[in-house]
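S.K.: predicted model follows, preceded by the sequence.
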Amino acid sequence: MNHQETSRRKFIRSSSALAGFYILPSGLRANSPNGRLQSAHIGVGGKGSVDTAQIAAHPNTQVVALCDVDRNSLDGRGRKQKTNGKERYPGAKKFQDYREMFAAMSEKIDIVSVSTPDHTHYPATMKAIELGKHVYTQKPLTNNIAEARTLMTSARKHKVFTQMGIQNQSSIAYRTATHFIRSGLIGKISKVHVWSFKNWGYDGPPHKGEDPVPANLDWNMWLGTAPERSFVKGKYHTMDWRRYMDFGCGTLGDMGIHIFDRPFGTLDLKPPTWAKATCRATTGYGLPTKMIVDLGFKSTPRTTDNFSWTWYDGTYGPPENDGNLGVPADKKLPKQGAIFVGEGGSMLLGHINGPLFFPGSVYDKLKKPDIPKKVNHYSNWIDSILAGKGEPTARFDYAAPLTESVLLGVIASRYPGKKIEWNTAEGKVTNIKEANKYVAFQNTRNF
Ligand SMILES: NC(=O)c1ccc[n+]([C@@H]2O[C@H](COP(=O)([O-])OP(=O)(O)OC[C@H]3O[C@@H](n4cnc5c(N)ncnc54)[C@H](O)[C@@H]3O)[C@@H](O)[C@H]2O)c1
């Protein structure tokens with residue numbers, strides 16, 4: 001992506017209509033007269049509350065629009081909002097439909113965050129990209145591979161700066177882990193074990209019945225591109241949607257995307273060429289409450305030729321440490337994390353913890369470790385936009401292949417025990433043709 005060229009073009013395009021606009025050092029136009037990037041936030045009740053606050057905390061931003069299908073979230077009474085209804089962003093315009101928000105004030109918006117349930121990441125993010133907005137989208141990028149690939153290519157085409165919300169990637173712990181692996185401290189990596197104890201699955205039958213939709217909720221907008229479904233109180237909205245195939249991606253999509261990130265990025269991996277899941281038979285409705293997924297990644301200069309990768313979740317995670325995982329059998333594994341097994345030792349990276357090395361002699365090779373600095377994941381994106389250059393670390397060029405890796409595991413969970421062969425160049429399952437319907441776009445309601 002040639003951002004400098006984009007900046008120049010935007011500068012030329014905007015210079016005829018300069019009055020009232022502020023030109024940033026990069027040549028980008030900020031819509032606010034004071035030069036701040038004007039932000040709009042879609043999905044503000046859960047993680048979106050944090051995303052909005054973090055973006056608002058940057059000195060060169062200003063919140064101008066909030067959008068949420070739930071009036072309670074819009075008014076500061078959402079799941080994670082501690083404002084008790086107090087207006088946190090006075091002056092920000094409020095909407096329940098992001099399409100109406102863009103129609104009403106697109107010209108005033110520079111940057112957008114999307115923190116809705118996974119199935120809405122694609123339509124909301126796509127709309128923002130097509131309007132030339134820079135976008136911060138929560139993880140996983142989408143709950144469908146075709147959508148992730150399209151967001152990546154569209155972001156390139158529209159030359160917008162993007163970031164996916166895997167904020168741990170910017171932590172000192174994760175950056176240090178990458179630094180040590182890349183410095184060759186434990187040699188090439190032959191095996192990755194990744195796990196989470198969490199259970200974002202559901203093994204039962206479809207929820208029955210229908211409850212009245214609360215007056216504060218626009219259920220049609222909540223469903224968006226997902227198939228028609230009755231509103232059932234306490235299910236789906238809020239948070240619970242993660243358990244169901246039409247909306248989320250289970251524990252693999254929820255925690256796996258964070259935990260895959262460090263080995264995937266550090267080892268320069270591309271999406272896998274096959275995936276195989278060990279789990280219950282599919283119900284076509286909920287994700288399995290526990291599963292093991294083996295993924296076949298092509299080796300890279302940072303891995304051995306026989307490189308392999310296994311994910312464990314629910315009660316399968318952490319894996320039983322019998323001493324064959326690369327760390328001593330008496331080492332209690334954290335509830336979520338990763339082990340990198342190298343030619344010259346292993347690294348245990350607990351989720352949100354710093355790296356530990358085995359055997360102890362690995363530490364003898366650590367002379368003055370050069371620990372990387374913490375990066376603010378949101379500023380990493382905002383500062384790139386302001387400068388008109390730079391590459392946010394979880395930009396869609398990185399986030400889409402990472403998401404694809406996780407989603408292949410989700411597709412494999414529909415065919416337990418079978419190896420799903422994946423043609424990365426064509427984006428197709430080659431051995432089970434019908435599986436490609438789970439790769440394709442979902443928009444059965446013609447939303
Ligand atoms: N990066 C992290 O650490 C982290 C942590 C938690 C959640 N997340 C991600 O954040 C996203 C939201 O998760 P959550 O736990 O906050 O879910 P949630 O259900 O608690 O909150 C979602 C919010 O989006 C609103 N919403 C739903 N559909 C919408 C639509 N079409 N338009 C506008 N608003 C809509 C809901 O009303 C609600 O306020 C997910 O993608 C999740 O994976 C990331």
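M.R.: Nice, thanks for sending it over. Numbers count the residues shown, from 1 in each chain.

S.K.: what's A40 in contact with, if anything?
M.R.: 63-67, 101, 105, 109, 111-113, 133 (C-beta atoms under 8 Å, 6 or more residues apart in numbering). Yep, even glycine has a C-beta here, placed from its N, CA and C like the rest.

S.K.: actually R243, not the one I typed
M.R.: Residues in contact with R243, defined by C-beta under 8 Å, 6+ apart, are 200-202, 250, 286-287.

S.K.: by neighbour count, which of the contacts of A40 wins?
M.R.: Across the contacts of A40, neighbour numbers were computed from other C-beta atoms under 10 Å; S113 holds the maximum, 30 neighbours.

S.K.: that one - that's part of a strand, no?
M.R.: Yes: under DSSP: H, G, I helix; E, B strand; the rest coil, S113 falls within a strand.

S.K.: surely F340 and I259 touch.
M.R.: No: under the criterion of C-beta atoms under 8 Å, F340 lies out of contact with I259, with a separation of 12.0 Å.

S.K.: strands paired with the longest strand that the chain contains, and their directions?
M.R.: With residue count as the measure and DSSP state E as the assignment, the chain has strand 303-313 as its longest strand. Sheet partners assigned to strand 303-313 using DSSP bridges are listed as strand 189-196 (parallel), strand 291-296 (antiparallel).

S.K.: present those as TSV; the columns should include distance to the ligand, mean pLDDT and mean neighbour count.
M.R.: Supplementary listing: the strands paired with strand 303-313 in TSV, determined by distance: least, C-beta to the nearest ligand atom, whole Å; pLDDT from 0 to 100; neighbours: other C-beta atoms under 10 Å:
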stretch	distance to the ligand	mean pLDDT	mean neighbour count
strand 189-196	13	98	24
strand 291-296	18	98	22
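
S.K.: next one: the helix ranked longest in the chain to chain centre, how far?
M.R.: With secondary structure taken from DSSP state H, the chain has its longest helix at helix 396-412. Chain-centre distance of helix 396-412: 10 Å, with C-alpha atoms, centre = their mean, to the nearest Å.

S.K.: give me the buried positions along that helix.
M.R.: The neighbour-count criterion (16 or more other C-beta atoms under 10 Å) identifies 396, 398-412 as the buried residues of helix 396-412.

S.K.: and the strands paired with strand 303-313: which comes nearest D364?
M.R.: Distances from D364 to each of the strands paired with strand 303-313 were compared by C-beta to C-beta, and the smallest falls on strand 189-196, at 20.1 Å.

S.K.: how far off centre is the closest one?
M.R.: The mean C-alpha position of strand 189-196 is separated from the chain mean by 20 Å, C-alpha atoms, centre = their mean.

S.K.: can I get that strand as CSV, trimmed to CA atoms?
M.R.: Taking only C-alpha atoms (Å, rounded to 0.1, in the frame of the first residue of the first chain), the coordinates of strand 189-196 have been written out as CSV:
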residue,chain,number,x,y,z
ILE,A,189,10.5,-24.0,16.0
SER,A,190,9.2,-27.5,15.3
LYS,A,191,6.0,-27.5,17.3
VAL,A,192,3.4,-25.0,18.6
HIS,A,193,0.9,-25.9,21.3
VAL,A,194,-1.8,-23.3,21.9
TRP,A,195,-4.8,-23.5,24.2
SER,A,196,-7.5,-21.8,26.2
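
S.K.: contacts for that strand next, please.
M.R.: Applying C-beta under 8 Å, 6+ apart, the set of residues contacting strand 189-196 is 181, 251, 255-256, 259-260, 263, 267, 302-304, 306-313, 316-319, 325-326, 333, 335-343, 351.

S.K.: try it again at 7 Å.
M.R.: With C-beta atoms under 7 Å, 6 or more residues apart in numbering as the test, strand 189-196 has contacts from 181, 251, 255-256, 259-260, 263, 267, 302-304, 306-313, 317-319, 325-326, 336-343.

S.K.: likewise for stretch 294-306?
M.R.: 188-190, 267-270, 272-276, 307, 309-310, 343, 405, 408-409.

S.K.: before we move on, back to that, redo the strands paired with strand 303-313 as CSV? Include distance to P372.
M.R.: Conversion of the strands paired with strand 303-313 to CSV gives the following (distance: least, C-beta to C-beta, whole Å):
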stretch, distance to P372
strand 189-196, 19
strand 291-296, 27
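
S.K.: show me the contacts for the closest residue to K47 other than its chain neighbours.
M.R.: Nearest-residue entry for K47: S115, 5.0 Å, with adjacent residues in sequence omitted and distances by C-beta to C-beta, 6 or more residues apart in numbering. With contacts taken as C-beta under 7 Å, 6+ apart, S115 has the following neighbours: 42-44, 46-48, 51, 138.

S.K.: hmm, try it at 6 Å
M.R.: With contacts defined as C-beta atoms under 6 Å, 6 or more residues apart in numbering, S115 is in contact with 43, 47-48, 51, 138.

S.K.: how about L141?
M.R.: By C-beta under 6 Å, 6+ apart, the contact set of L141 is 148, 164, 399-400, 403.

S.K.: how does the protein divide up, domain by domain?
M.R.: Each structural domain of the chain that the record assigns through automatic domain parsing is listed here as a residue range: 3-168+378-392, 172-202+243-373+404-438.

S.K.: tell me the average confidence for the first one?
M.R.: Mean per-residue pLDDT for domain 3-168+378-392: 86.

S.K.: any part of that domain near the ligand?
M.R.: Yes: in terms of C-beta under 6 Å from any ligand atom, part of domain 3-168+378-392 sits within range of the ligand, namely 42-43, 45-48, 67-70, 73, 78-79, 98, 115-118, 120, 138-139, 165, 167.

S.K.: of the residues you listed, buried ones?
M.R.: When the residues of domain 3-168+378-392 next to the ligand are checked for burial by 16+ other C-beta under 10 Å, the buried set is 42-43, 45-48, 67-70, 73, 78, 98, 115-118, 120, 138-139, 165, 167.

S.K.: please give the element, helix or strand, for the residue positioned nearest the centre of the chain.
M.R.: In the chain, the C-alpha closest to the average C-alpha coordinate belongs to K139, at a distance of 1.8 Å (C-alpha atoms, centre = their mean). Secondary structure assignment for K139, by DSSP states H and E: no helix or strand.

S.K.: can you give me every residue that contacts it?
M.R.: Applying C-beta under 6 Å, 6+ apart as the definition, the contact partners of K139 turn out to be 164-166, 257.

S.K.: format those residues as JSON lines; extra columns: secondary structure.
M.R.: Formatted as JSON lines, the entries for those read as follows, by three-state DSSP:
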{"residue": "M164", "secondary structure": "strand"}
{"residue": "G165", "secondary structure": "coil"}
{"residue": "I166", "secondary structure": "coil"}
{"residue": "I257", "secondary structure": "helix"}
